[in-house]
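Enquirer: would you be able to build a 3D model of this:
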Amino acid sequence: MEIINTKIPDLLIVKPLVFEDQRGYFFESYNKEKFLQQGIDQNFVQDNESKSMKGVLRGLHFQAPPFAQGKLVRVMKGAVLDVAVDIRQNSPTYGQWASTELTESNKWMYWVPPGFAHGFVTLEDHTVFFYKCTNVYNKASEGSIRWNDPDLNIDWGINNPILSEKDMHSPLFKDFISPFK
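Expert: Purely as a prediction, here's the structure:
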């Protein structure tokens with residue numbers, strides 16, 4: 001397993017060791033001991049999966065404390081551009097974002113710790129996206145930031161994504177008060 005730091009501390013790309021031959025492939029998508037050795041000391045308590053058509057954008061979402069969630073995310077089928085925004089008020093990278101392309105073929109994972117808003121846009125039809133979460137979902141703790149916020153200026157590579165009603169009307173970053181200190 002290889003861990004790659006992004007431009008934002010604590011936001012990591014995880015490249016698993018993949019064994020391929022004429023039969024197909026095998027890799028460990030999670031091994032607690034190996035993650036601990038890489039400094040990711042988390043207890044995962046909930047797994048989520050979504051399937052989306054090309055051009056669907058989900059995000060930017062987060063769970064506020066005490067239900068804040070870290071997420072280990074990956075694509076099982078298809079491809080996404082995955083984005084995380086630092087919303088930790090006292091962080092030197094507050095309001096900055098990083099992205100990576102997660103695909104069925106590269107098998108990379110993205111570690112998005114608590115204190116980040118997270119979203120992705122699907123690059124292929126029938127994309128299956130998998131989340132391993134450190135806390136359970138709590139409706140009252142969910143929050144979001146507008147995907148196309150002019151202050152964040154995220155390059156999603158798409159102009160007219162397919163959005164949920166919630167994501168169309170998420171607050172702008174300038175009006176956002178972070179619950180993360």
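
Enquirer: what is the three-state secondary structure of the spatially most central residue of the chain?
Expert: The chain has residue 118 as the residue nearest its centroid, 4.6 Å off, counting by CA atoms, centre = their mean. Assigned with DSSP: H, G, I helix; E, B strand; the rest coil, residue 118 falls in the strand class.

Enquirer: now for it: which residues touch it?
Expert: For residue 118, the contacting residues are 59-62, 71, 73, 82-85, 112, by CB atoms under 8 Å, 6 or more residues apart in numbering. Using the backbone N, CA and C atoms, a C-beta is placed for each residue, glycine as well.

Enquirer: how much space separates it from residue 22?
Expert: To residue 22, residue 118 is 37 Å away according to CB to CB, to the nearest Å.

Enquirer: ditto for residue 13
Expert: 28 Å.

Enquirer: who has more neighbours out of these two?
Expert: Legend: neighbour count by other CB atoms under 10 Å for residue 13 and residue 22, higher for residue 13 (18 against 4).

Enquirer: which residue, other than its chain neighbours, is closest to the more buried one?
Expert: Spatial nearest neighbour of residue 13, chain neighbours left out: residue 4 (4.1 Å); criterion: CB to CB, 6 or more residues apart in numbering.

Enquirer: can you give the strand pairings for the strand or helix carrying that neighbour, parallel or anti for each?
Expert: For residue 4, the host element (DSSP states H and E) is strand 2-5. The strands beside strand 2-5 in its sheet (DSSP bridges) come out as strand 12-15 (antiparallel).

Enquirer: so which residues make contact with the strand it pairs with?
Expert: Here strand 12-15 has contacts from 1-6, 38, 40, 72, 100, 106-111, using CB under 8 Å, 6+ apart.

Enquirer: just the buried residues of those residues.
Expert: 6, 40, 72, 100, 106-111 (16 or more other CB atoms under 10 Å).

Enquirer: what's across from the residue nearest to the centre of the chain in the sheet?
Expert: On the basis of DSSP bridges, residue 118 is bridged to residue 61, residue 84.

Enquirer: measure it to residue 48 for me?
Expert: 12 Å.

Enquirer: same question for residue 29.
Expert: With CB to CB as the criterion, residue 29 and residue 48 are 14 Å apart.

Enquirer: and residue 27, by the same measure?
Expert: 20 Å.

Enquirer: quick one, strands of this structure?
Expert: 2-5, 12-15, 19-21, 24-26, 46-52, 57-63, 71-77, 79-86, 97-103, 109-112, 116-122, 127-133, 142-144 (DSSP state E).

Enquirer: take the ones you listed and write them to JSON lines, including mean pLDDT and distance to residue 178.
Expert: Listed next are the strands of the chain as JSON lines, based on pLDDT from 0 to 100; distance: least, CB to CB, whole Å:
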{"stretch": "strand 2-5", "mean pLDDT": "92", "distance to residue 178": "23"}
{"stretch": "strand 12-15", "mean pLDDT": "95", "distance to residue 178": "21"}
{"stretch": "strand 19-21", "mean pLDDT": "96", "distance to residue 178": "42"}
{"stretch": "strand 24-26", "mean pLDDT": "95", "distance to residue 178": "40"}
{"stretch": "strand 46-52", "mean pLDDT": "97", "distance to residue 178": "23"}
{"stretch": "strand 57-63", "mean pLDDT": "98", "distance to residue 178": "9"}
{"stretch": "strand 71-77", "mean pLDDT": "98", "distance to residue 178": "17"}
{"stretch": "strand 79-86", "mean pLDDT": "98", "distance to residue 178": "10"}
{"stretch": "strand 97-103", "mean pLDDT": "98", "distance to residue 178": "14"}
{"stretch": "strand 109-112", "mean pLDDT": "97", "distance to residue 178": "15"}
{"stretch": "strand 116-122", "mean pLDDT": "98", "distance to residue 178": "9"}
{"stretch": "strand 127-133", "mean pLDDT": "97", "distance to residue 178": "20"}
{"stretch": "strand 142-144", "mean pLDDT": "97", "distance to residue 178": "9"}
